[in-house]
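Undergrad: next input, structure requested:
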Amino acid sequence: MVGTASAPALTQGEGTNRAWQALALFAGRVSRPMSFVHDHNLQAGELPLEALHSLSGDPEFAVPLQRLISAELGLSKLRPALLQSENVDPSELPARLVSMLIASQPREAFAELCRLSAIASFQKRISAVLLKQQRARLLALFGENVFDLALRELAFFFPALAMEADWQQRAFMLICGEDEDAALQALNKVGASALLGFIQSVDPALVPLISLRFGKEQADELRELAVQFDATQQQQFTQFLLRRVPEWQSYIA
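TA: As a prediction, this is how the structure comes out:
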């Protein structure tokens, strides 16, 4: 299903079995696009969206329908970086695996990654908030661990993940405001743009698995906003996510 046209890069070395487990998870997600693709991007011949959702609940049609959608979206031809080179540098393996795990998440888990990524991006701004009302808004939106993450973890161990762009400042103002819908949209925009920037830097072949989660306008905007991660940011982002999503460590340790 995923990258079977030529010999894979992972043929030997420490951690190979765990890498193959991550690849299997990735292949499973690619074969079930309706678990993460935005409705506006779903297509299977000329079937209307309502029919797609109806057929996806039928055990007889669900699997072939998902495969058809995957093929029409070009997902079945995606080849992660781990399968594109003859030899994988061990130092690059964690970031590549994390990028693949990000791309393999269903909707709810991806939303949590957006939350974590937004906190990482906003770490300096979160640490500077003093007004009680604004702190309450951040707690309500990001969760009760937001200040511990920003002040005690990110500032000390992952400072390179802080983002300072003007548009992010405007997004932070929305997050601290009273419009809940606007705040949630701003959070998702900042978080998703960070995830996209990381994947563009580590494994560009996986970008469609992020873009397809959004409508066309949103996806185009995210591509414009996403910034390439340098080597330090890639390393820190990888370590941060492995720390906050401990079950991923089993694929790498």
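Undergrad: so where's the stretch 151-253 of the chain shaky on pLDDT?
TA: 253 (pLDDT under 70).
Undergrad: helices of the stretch 1-150 of the chain, residue ranges please.
TA: With helices called from DSSP state H, counting those that start in this stretch, the stretch 1-150 of the chain shows them at 16-30, 49-56, 62-72, 93-103, 107-121, 123-128, 132-142, 146-148.
Undergrad: okay, now residue 82: neighbour count?
TA: When neighbours are counted by other C-beta atoms under 10 Å, residue 82 registers 23. (Each C-beta comes from the backbone N, C-alpha and C, glycine too.)
Undergrad: distance of residue 156 from residue 39?
TA: Remark: distance between residue 156 and residue 39 (C-beta to C-beta, to the nearest Å) = 41 Å.
Undergrad: just residue 129 next, same as before
TA: 36 Å.
Undergrad: next, residue 36: phi, psi?
TA: With angles defined as degrees, to the nearest 10, residue 36 sits at phi -150, psi -20.
Undergrad: if I look at it, how far off is residue 218?
TA: In terms of C-beta to C-beta, residue 36 sits 14 Å off from residue 218.
Undergrad: mind checking which of residue 129 and residue 39 has more residues around it?
TA: residue 129 (18 against 10).
Undergrad: tell me the pLDDT of the more buried one.
TA: The per-residue pLDDT reported for residue 129 equals 94.
Undergrad: what's the closest non-adjacent residue to it?
TA: residue 135 (5.5 Å; C-beta to C-beta, 6 or more residues apart in numbering).
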